[in-house]
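**Q** How does the following fold in three dimensions:
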Amino acid sequence: MRLDSRVKASEEVISTELDGEAVLMHVSHGTYYGLNAVGAVIWTLMKEPVTVERLCAAVVEEFEVEREVCERDAFALLQELKDAGLVEIVCE
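**A** Numbering: from 1, shown residues only. Next comes the predicted model:
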């Protein structure tokens, strides 16, 4: 995965926002996941295909975080979500 990779929330996931955080459920697996406020911002942007670069720009704009830290954490989160079947890479 790179900064220009495009990612999208899986069609197999339903989600809702609760107190600024996101709650996700993978329909096929019946598994629930929770995302903090930063993860919720990323999740909301992934309703449509979006680049990792755009996700990081939005997080840096909204939260006090250095770009390098944001990119490292975003890649880790996206990999975890991909491994759980919650995110699809639509263009790498």
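**Q** What's the local residue count around residue 3?
**A** 14 (other CB atoms under 10 Å). No exception for glycine: its C-beta is placed from N, CA and C like everyone else's.
**Q** Leaving out chain neighbours, which residue sits closest to it?
**A** residue 53 (4.3 Å; CB to CB, 6 or more residues apart in numbering).
**Q** Go ahead and confirm the one you found touches residue 1.
**A** No. Taking CB atoms under 8 Å as the contact criterion, residue 53 and residue 1 are not neighbours in contact, 11.4 Å apart.
**Q** which residues sit against stretch 78-88?
**A** 1, 7-10, 12-13, 24, 26, 28-29, 31, 33, 42, 46, 52, 55, 89 (CB atoms under 8 Å, 6 or more residues apart in numbering).
**Q** Please compute how far the lengthiest helix in the chain lies from its chain's middle.
**A** Using DSSP state H to define each element, the chain has its longest helix at helix 67-83. The chain centre lies 8 Å from the centre of helix 67-83; the measure is CA atoms, centre = their mean, to the nearest Å.
**Q** Which of the residues in it are classified as buried?
**A** Within helix 67-83, the residues that count as buried by 16 or more other CB atoms under 10 Å are 70-71, 73-75, 77-78, 81.
**Q** what about the helices in this structure?
**A** Going by DSSP H, the chain shows helices at 37-45, 52-62, 67-83.
**Q** for residue 74, what are its contacts?
**A** For residue 74, the contact set (CB under 8 Å, 6+ apart) comprises 42, 52, 55-56, 59.
**Q** Could you check how far it is from residue 41?
**A** With distances taken as CB to CB, to the nearest Å, residue 74 is found 11 Å from residue 41.
**Q** what is the orientation angle of the longest helix of the chain with helix 52-62?
**A** Counting by axes from the mean of the first three to the mean of the last three CA atoms, to 10 degrees, helix 67-83 lies at 130 degrees to helix 52-62.
**Q** Next, the angle from helix 67-83 to helix 37-45.
**A** Using the same axes, to 10 degrees, helix 67-83 lies at 60 degrees relative to helix 37-45.
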